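Visitor: Any chance you could fold what I've pasted below:
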Amino acid sequence: MIDENINIIKNEENIKDKIVEAQELIRDSQDLVSEVDSSVKECQLGVSKAATDFDRRKRAFLNKTFKSAEEFLKKLGIEYGTNKSLHEPFELSVDNSADNLEIEHISSGRFTGMILALIVASLTLYGWVYFSTKQLNISLENITLEFIESNINAVLTWIGGGMIGLDGKPMVGALILGFSVLIMAWIVYAIRVHFKTEKNLRIAKKAYIKSRAYSFSKDECKNEMLRVDAHLREAIISIENFTVILGEQNGILRRIVYVEGVVNEYKSYHPSSKKVIRESEKIMKSIEKLLNTSVTKEGKLNPESQKALSISKAVYAEF
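Guide: The predicted model follows:
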């Protein structure tokens with residue numbers, strides 16, 4: 001009896017440990033997913049801000065400094081021929097294909113276990129009463145308040161020993177009835193909690209594995225966003241730099257137009273003026289290449305855009 005009690009206590013402690021383990025795994029999974037989602041959202045906001053700033057600087061540069069350079073070159077007989085797609089709306093796409101992960105909540109199964117236990121307890125009680133009244137030839141339909149006490153005593157007496165041919169006692173019958181009802185209820189409750197706990201632990205372990213994989217996937221997405229963000233910020237600096245140097249070139253082109261006038265033949269200009277024109281075209285082609293190349297491709301930072309940025313930096317370094 002002592003060994004059985006020890007085993008029962010150990011089983012209860014084991015169930016409690018599994019419940020705690022499942023709850024901790026679910027909590028860790030939820031915290032991990034929440035942290036990753038928050039971090040990715042922060043990165044998205046950063047990239048969105050950088051993209052908006054880039055588009056604003058790009059349009060301001062094209063509509064003022066770049067356009068002025070085109071007009072001066074045209075006056076000097078040079079048709080630059082800007083790519084029409086240069087003025088198309090700026091688009092940015094970073095791969096974020098991993099669907100958001102929802103970690104389901106788990107219940108201990110105790111509430112449903114209690115409901116099932118009450119149902120089984122009621123059925124057990126009804127079974128005892130039904131079976132004993134059948135044996136005693138007592139009709140449940142004919143039981144009235146007037147004879148209910150005597151009928152109950154008869155049932156308890158039968159349960160308390162009469163069913164095995166002994167001199168039954170109502171008190172013993174009540175104890176047997178109560179104990180059997182409780183033991184059946186406890187068995188059902190214990191089984192329900194046990195299976196629910198095992199199921200919860202399996203769910204919690206799967207959720208934790210999924211949350212780790214989700215975190216890894218989102219981290220890759222976050223790193224790509226950071227690369228795009230850094231690239232955009234460098235591109236913005238390049239736009240600012242080219243605004244300065246092309247603005248200076250525009251000043252020189254303006255003087256050429258003023259001093260040498262509008263000439264139809266390129267060769268008619270002074271060699272130093274031709275050099276300025278060539279330099280202006282080189283600057284414009286470099287920045288145009290950067291601004292006309294998509295920043296992202298297939299959800300990733302476009303290598304061509306990186307190459308264009310490197311070239312623009314090299315051109316800027318020349319001036």
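
Visitor: quick one: low-confidence parts of the stretch 201-319 of the chain?
Guide: Flagging of the stretch 201-319 of the chain using pLDDT under 70 yields the residue ranges 263-267.

Visitor: can you give me the strands in it?
Guide: For the stretch 201-319 of the chain, applying DSSP state E, counting those that start in this stretch gives strands covering 296-297, 300-301.

Visitor: How far off centre is the first one?
Guide: Read it as strand 296-297. Taking Cα atoms, centre = their mean, to the nearest Å, one finds the center of strand 296-297 at 23 Å from the center of the full chain.

Visitor: Make TSV out of the strands of the stretch 201-319 of the chain and add distance to residue 49.
Guide: To be clear about C-beta, it is placed using only N, CA and C from the backbone, and glycine gets the same treatment. Output for the strands of the stretch 201-319 of the chain, formatted as TSV (distance: least, Cβ to Cβ, whole Å):
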stretch	distance to residue 49
strand 296-297	16
strand 300-301	17
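
Visitor: The ones you listed: which one's closest to residue 132?
Guide: Residue 132 lies closest, by Cβ to Cβ, to one member of the strands of the stretch 201-319 of the chain: strand 300-301, at 78.0 Å.

Visitor: So which other helices or strands are in contact with that closest one?
Guide: Helices and strands in packing contact with strand 300-301 are listed as helix 170-260; criterion 3 or more Cβ pairs under 8 Å, 6 or more residues apart in numbering; DSSP states H and E.

Visitor: So which other helices or strands are in contact with the helix it packs on?
Guide: For helix 170-260, the contact count by 3+ Cβ pairs under 8 Å, 6+ apart identifies helix 2-61, helix 67-75, helix 110-135, helix 148-159, helix 271-292, strand 300-301, helix 303-318 as packing neighbours.

Visitor: how far off helix 303-318 does it point, in degrees?
Guide: Our comparison of helix 170-260 with helix 303-318, counting by axes from the mean of the first three to the mean of the last three Cα atoms, to 10 degrees, yields an angle of 40 degrees.

Visitor: Start and end of stretch 260-270, how far apart?
Guide: Start-to-end span of stretch 260-270 (Cα to Cα, to the nearest Å) is 8 Å.
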